[in-house]
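K.L.:
this is the structure alone, sequence omitted:
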C-alpha cells in the first residue's frame, strides 16, 4: 500500500518536473534578448565573426527539438554545455551544488529555530510588550532588502547561511505566531490548560499535532523561500553556489543552464512539498 | 669626501625607491576580478577578466608601454614593417623558455599567428588583423626570425601585437605554458584564480635579479564593488582598478594616500538617436532624429559640466568626440566640447520649425517632443546621467522617459528590433589606434550603431567618414592618417550621430604597502608593470 | 492594547494624509535637482538632506510613500485573495482538484518568472506613462505572489474538511460554497493575515528590483523601494545615517498595519 502511494507520488513528481523544465525553457526562449550575445558589440570583431555569433545558437530556436535532445542527453548523464561558462553543466553543478545546499540547509535550520523560538513565547506568554517588540524586530528584517541584509553580513563578516536565515526567519515567525495563537485558543487546549497540564506537555501533545498540517506545509514552502533568498545573497556575497550561477545564466539567457536550473528547483520544491504532504497525511492517519 | 658620502647616500635612497634589495622580493599580491574569466586560451580572450589573466601570464612580441604609449621590444629583440604595412619581420630574443621549460623559438610565433589568423576561430584579437580578404603568409626562415605577410596593408600593425600572447607549438601543456611573468597555478570556478611566478621569465632587473619580485597573485572572483572597497580598507586586497567616483571619494576621506586620480581615461559615455529607416517608431520622430540640427540642439541643451561635477564628483571631463584627450597622438586638439547653451539649442530647433511655448516643445506638425532613453540597468552612474539629462531637456520643453533594461534586452533592441529612440551607453576603448574603431564608423558595419549595415551610405557625411576611414587605413604614414582621422572627428562633432557626454577619469586605489607602482590611464591601470612591483618593508605583513 | 491599536490607526492615518497631500508638505518638487548641493546633510531647507543628484529626500519620501502605500497593500490583498481561493478550494475539495492545484502551485514557485516580466516589458511601448507601468508592476506582483501561502492555506483547509462543524454544516444541507466562505475561510485567517503582512514590505521591495528590468517606477518618480535600494550603498548610509528614514517609515507603517488588523478574537 505504502510503496504504491510512494510510487504514484514519484511518478507525478517526475512528470510535473518535466513539465516545469519545458515551461521554464519556454519562458527563456521567448524572453527578449534570447540568442543575443554581448560580444556582438566588440568593435574588433570582423563582420563574419559577428554573423557566426548570431547564428551560434540557432539550434535552440526550435524549443521542442531542443528539449527532446536535452532529455535524450540527460538520460545518458549529459546535461549539456553552458554558453556563459563554456563548461559542461554537470561540472558546474558538481562544483557549486554543495555550497548552496549547505547554505540553504543551515539557513533553513537557523530560520526555523529562530522563528519558532520567537513565536512560541508570543503564544504562551501573551504579554503584549514581548509580542510588540518581537513583531517589530521581525518586521524590520522583512522591510530590509535582502541585498542590504547581505551587505550588512559582508560588513560584519557573518557567514552566508546566516544571511539566508535572516531572510527566512521573519516569515516563519509570522506564520508560526498566527498558527500557534490560533491553536492555543482551541477548546481542547483551553481545557488542558484549565486542568493544569504543564506547558511542555501541552505544546508537545496538543499544540504541535493540531498545528502540524499547516506547519509542515510551511516547512515544505520554506525550502523554496530559502532557495529564492539564496540567489540575491549569493550574488552579492560572491558565494560560488547555484544561486550565483542562476543569476549569471539568466543575464546571458543561457538556455542549457537555465533548463537544468528550473528542473532542479522544481524537483527540490516538489520533493520538499511532497515530503511535507506525506508526513502530514501519515500523522493524520496515526491520529485517526 | 663628505660630499661623496652624501651623494652615495642620496643615490642609494633613490635607487632603493626603484629597485628592491633581494630581501624585499616575495609575497602575494591580491586583487579582484569582477567577473568569471570565460577562457584561459589567450587567443579567445574577449572580456576583461580573461584579458587580465592574459596580461599577467602572456608573453608578447611587442608591448605598448602603458605610460609613454610607445612601443617596446619584448620577446622580439627588433622588428621591421615593410611594403607599406603589408609585411612585418621579427627578430626574436635568444635563449628564452616557456614556463614549463620548453624552449621558445620562431616556430611558436608562426604557430600562434597561423592559429590566431584562422577566420574560423572568430577571435577578436585575430579579427583585428583582418583588414581585407585573402590569406596571410607566415614563415619562420630561422629559429629566431619570423616573417608575416598580409594580403593588404594593416594600419597600426605593430600595436596589434601587444594583444598577441605567444603559445607554444611543442609544449605538452599547450596554452598553459606561458612566456609572461606569471602562470596559472589554480582555478576554482566562481571563487579565485591563483597565479604563481614563472621561474623561466626572461626579464631581470638592474641588479641582475630575475623578475617578477612577487611570488604569486591571487585574483578573487568578486562582482560586488562595495565588498571590493571594504576588503581594500581592511588590507585584504592591494589594488582596485577603475574605481567608481563615489567609492573614490569615500576612500579618499579615510586613506588619501591610497587613491589616485590619473586623469581622463580613453573611455567615453555617449548616446545616440535611432536613425534606422525601418525602425518601428513613428515617422515624425524619425524625421527629428535624422536632423543634425535636432541632434546638435539636444547636445547643447545638456550641461556636461554638471554631469561631471554631480554624477562623477568632478572625476570626469566633458567629452569632445570619439577620441579622449588621454589618447595623446590621435586626439583632435582643435575641437572643444559642445557648450551648455539652451538658448542656442532653441534657436536651432526654431530653424527646423519647432515651437517652444515655455512649457512644451512642438514640431512643425504640432507633435509634442517626447521620446525615451534606454540604458543598461544596474549602472548607477548611467541612471543618474539619464536623470540629469531628463531635467536639462525639460528646460527646452522636451519630455524624456527613462527606461532601464537588462543588457540582453537592450542589445536586442539596438541591434535586432531597433525598437528604441535614444540609447545611452559607454564606449570602452582598448585600442589607441583609430583602426580599432573601424567597425563603428563604416556605414556597412553592424556596429555602426545609429544606422547599422547600410547597403550604401545614407547621408553624404557618412559616405565621407567611410572614405576617410578607408584612407587612413590604407597608408602607413602616421601624419597622413592623423589628418584623415582628425577630419572624421570634426564631422562627428558637427553631425553628432553619437552625442559624446563625458570622459570618465581613470581612478585607482593602490595600497601604500606596494612599492614601485605607477598607475596610468591605459588598461591595466595599476598593474601594467606587475613584474617590478614589490612590497616595501613596512608593508611586508600585508601580502604575506 | 486597545490604546495601542488606536495610536497605530491615528499614526497610519497621519502618514496616509501626509502622503496624499504631499504637495502641501513637500518643501520642493520631488524631481528638482539642486545641483549645487548633492549629498547634502539635513538642514532647514532639506529636512532629510539630498540624494546624489541634489534632490530633496524628504519630498521624495513623501511622494514615494504615496505610490507604495496605496499600491502595495492592494497587491498584497490581491495575492492573498488568490491564495485563499486556490488554497481554500483545493484543500476543501480534495482529490484530483487538490493534486492539480498543488502541482500548479509548486510549478508557480519554481518557474523563472523573471523572463515573463522581461517579456511583458518588451511588449509594452517604451513611452508607457509611469502610472500605467506602476499599476502593471503591482498587478503582476499580486498575480505571482500567492503560491507559497496557497500551500499553507490548502493544508489548513484540508484539516478543516473533516472537522466536526464542517461536517455538521454539510449534514444540515449547507451549500458547499457557503461552507467554504462561512466556515472554512474564516478559520484560515491566521495564515491569510500572515501572508498579507509579509507581502506588503516584500512587494514594496520587489517593485524596486523590477526597476532593473525597466518595469516599476521610472525616474524621476520616487518609490519606497527605490529609496530603500539606496541603502545598498552602505558606505554612504554610514556617513549619512538619516538615509535610514525610508526604512524607519516603512517599518512604522508595516507595524501599524500589523497592530490594527483585527486580532484573532481568541488571543485577547
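P.N.:
Yes, it's here. Note that the coordinates shown come from a computational prediction; the quantities given were computed from them, not determined experimentally.
K.L.:
three-state assignment of the closest residue to residue B:300 other than its chain neighbours?
P.N.:
Excluding its sequence neighbours, the residue lying closest to residue B:300 (Cβ to Cβ, 6 or more residues apart in numbering or on different chains) is residue B:345, at 4.3 Å. Every residue, glycine included, has its C-beta placed from N, CA and C. Secondary structure, DSSP: H, G, I helix; E, B strand; the rest coil: residue B:345 is helix.
K.L.:
residue B:186 now?
P.N.:
Applying three-state DSSP: residue B:186 is strand.
K.L.:
and it, what are its bridge partners?
P.N.:
residue B:194 (DSSP bridges).
K.L.:
got the contact list for the residue nearest to residue B:300?
P.N.:
Residues near residue B:345 by Cβ atoms under 8 Å, 6 or more residues apart in numbering or on different chains: B:296-298, B:300-301, B:396.
K.L.:
show me the shaky parts of chain C.
P.N.:
C:1, C:211-212, C:214, C:262-268 (pLDDT under 70).
K.L.:
nope, chain B is what I meant
P.N.:
Scanning chain B for pLDDT under 70 picks out B:1-24, B:537-544.
K.L.:
which positions in it make contact with chain C?
P.N.:
B:226, B:229, B:246-247, B:250, B:306, B:309-311, B:370-372, B:374, B:377-378, B:383-384, B:386-388, B:390-391, B:401-406, B:409, B:419-421 (Cβ under 8 Å from any Cβ of the partner chain).
K.L.:
contacting chain A as well, which ones from these?
P.N.:
Among those, proximity to chain A is found for B:226, B:406, B:409 (Cβ under 8 Å from any Cβ).
K.L.:
the residue of the stretch 101-250 of chain A found nearest chain B: neighbour count?
P.N.:
Closest residue of the stretch 101-250 of chain A to chain B, Cβ to the nearest Cβ: residue A:240 (2.8 Å). A total of 20 residues lie near residue A:240 under the criterion other Cβ atoms under 10 Å in any protein chain shown.
K.L.:
for residue B:65, give me its contacts.
P.N.:
Shown in contact with residue B:65 (Cβ under 8 Å, 6+ apart): B:71-72.
K.L.:
for it, what are phi and psi?
P.N.:
Phi and psi for residue B:65, reported as degrees, to the nearest 10, are phi -70, psi 120.
K.L.:
any idea how far it lies from residue B:71?
P.N.:
7 Å (Cβ to Cβ, to the nearest Å).
K.L.:
chain B contacts on the stretch 1-150 of chain A?
P.N.:
By the rule Cβ under 8 Å from any Cβ, the part of the stretch 1-150 of chain A lying against chain B is A:31-34, A:36-50, A:52-53, A:84-87, A:92, A:95-96.
K.L.:
now do 7 Å
P.N.:
Taking Cβ under 7 Å from any Cβ of the partner chain as the contact definition, the stretch 1-150 of chain A meets chain B at A:32-33, A:36, A:38-50, A:52, A:85-86, A:92, A:95-96.
K.L.:
what's the PyMOL syntax to select whichever of those residues are buried?
P.N.:
Here is the PyMOL selection string for the buried members of the residues of the stretch 1-150 of chain A next to chain B, based on 16 or more other Cβ atoms under 10 Å in any protein chain shown:
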select buried, chain A and resi 32+33+36+38+39+40+41+42+43+44+45+46+47+49+50+85+92+95+96
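K.L.:
so which of the residues of the stretch 1-150 of chain A next to chain B are in helices?
P.N.:
Mapping the residues of the stretch 1-150 of chain A next to chain B onto helices (DSSP state H) picks out A:47-50, A:52, A:92, A:95-96.
K.L.:
and the helices in the stretch 101-250 of chain A?
P.N.:
Assigned by DSSP state H, counting those that start in this stretch, the helices in the stretch 101-250 of chain A fall at A:128-143, A:146-156, A:160-184, A:187-194, A:199-201, A:208-237, A:242-251.
K.L.:
tell me which residue lies nearest the centroid of the chain.
P.N.:
Went with chain A since none was named. Among the residues of chain A, the one closest to the centroid is residue A:224, at 2.2 Å (Cα atoms, centre = their mean).
K.L.:
wrong one, I was asking about chain C
P.N.:
Nearest to chain C centroid, counting by Cα atoms, centre = their mean: residue C:200, 2.4 Å.
K.L.:
ok so, going back, most neighbours among the ones next to chain A among the residues of chain B next to chain C, which one?
P.N.:
Ranked by the number of neighbours (other Cβ under 10 Å), those place residue B:409 first, at 27 neighbours.
K.L.:
in the stretch 1-150 of chain C, which residue sits nearest chain B?
P.N.:
Of all residues in the stretch 1-150 of chain C, residue C:126 sits closest to chain B, at 4.1 Å by Cβ to the nearest Cβ.
K.L.:
so residue C:103 sits right up against residue A:16, yeah?
P.N.:
Yes: counting by Cβ atoms under 7 Å, residue C:103 touches residue A:16, with 4.9 Å between them.
K.L.:
give me the more crowded residue out of those two.
P.N.:
The neighbour comparison of residue C:103 against residue A:16 (other Cβ under 10 Å) goes to residue A:16, with 23 against 18.
K.L.:
how near is the more buried one to chain C?
P.N.:
According to Cβ to the nearest Cβ, to the nearest Å, residue A:16 and chain C sit 5 Å apart.
K.L.:
contacting residues around that residue?
P.N.:
Contact partners of residue A:16, counting by Cβ atoms under 7 Å, 6 or more residues apart in numbering or on different chains, are A:266, A:270, C:103, C:106-107.
K.L.:
residue B:501 now?
P.N.:
B:269-271, B:302, B:304, B:307, B:319, B:385.
K.L.:
swap in residue C:101?
P.N.:
Per Cβ under 7 Å, 6+ apart, neighbours of residue C:101: C:86, C:90.
K.L.:
ok so, going back, dump the contacts of residue B:501 to JSON lines, plus neighbour count.
P.N.:
Listed next are these as JSON lines, based on neighbours: other Cβ atoms under 10 Å in any protein chain shown:
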{"residue": "B:269", "neighbour count": "25"}
{"residue": "B:270", "neighbour count": "20"}
{"residue": "B:271", "neighbour count": "23"}
{"residue": "B:302", "neighbour count": "23"}
{"residue": "B:304", "neighbour count": "24"}
{"residue": "B:307", "neighbour count": "24"}
{"residue": "B:319", "neighbour count": "27"}
{"residue": "B:385", "neighbour count": "26"}
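K.L.:
for chain A, what's its nearest residue on the stretch 401-544 of chain B.
P.N.:
For the stretch 401-544 of chain B, Cβ to the nearest Cβ, closest residue to chain A: residue B:408, 2.7 Å.
K.L.:
neighbours around residue A:24, how many?
P.N.:
Other residues lying near residue A:24 total 25 when counted by other Cβ under 10 Å.
K.L.:
closest one of the ones in helices among the residues of the stretch 1-150 of chain A next to chain B to chain B?
P.N.:
The closest of those to chain B turns out to be residue A:49 (Cβ to the nearest Cβ; 3.9 Å).
K.L.:
what does chain B put close to chain A?
P.N.:
So far as Cβ under 7 Å from any Cβ goes, chain B lies against chain A at B:36, B:38-39, B:46, B:119, B:122, B:124, B:127-128, B:130, B:189-191, B:221-224, B:226-227, B:230, B:406-409, B:411-412, B:415, B:436-437, B:439-440, B:445-447.
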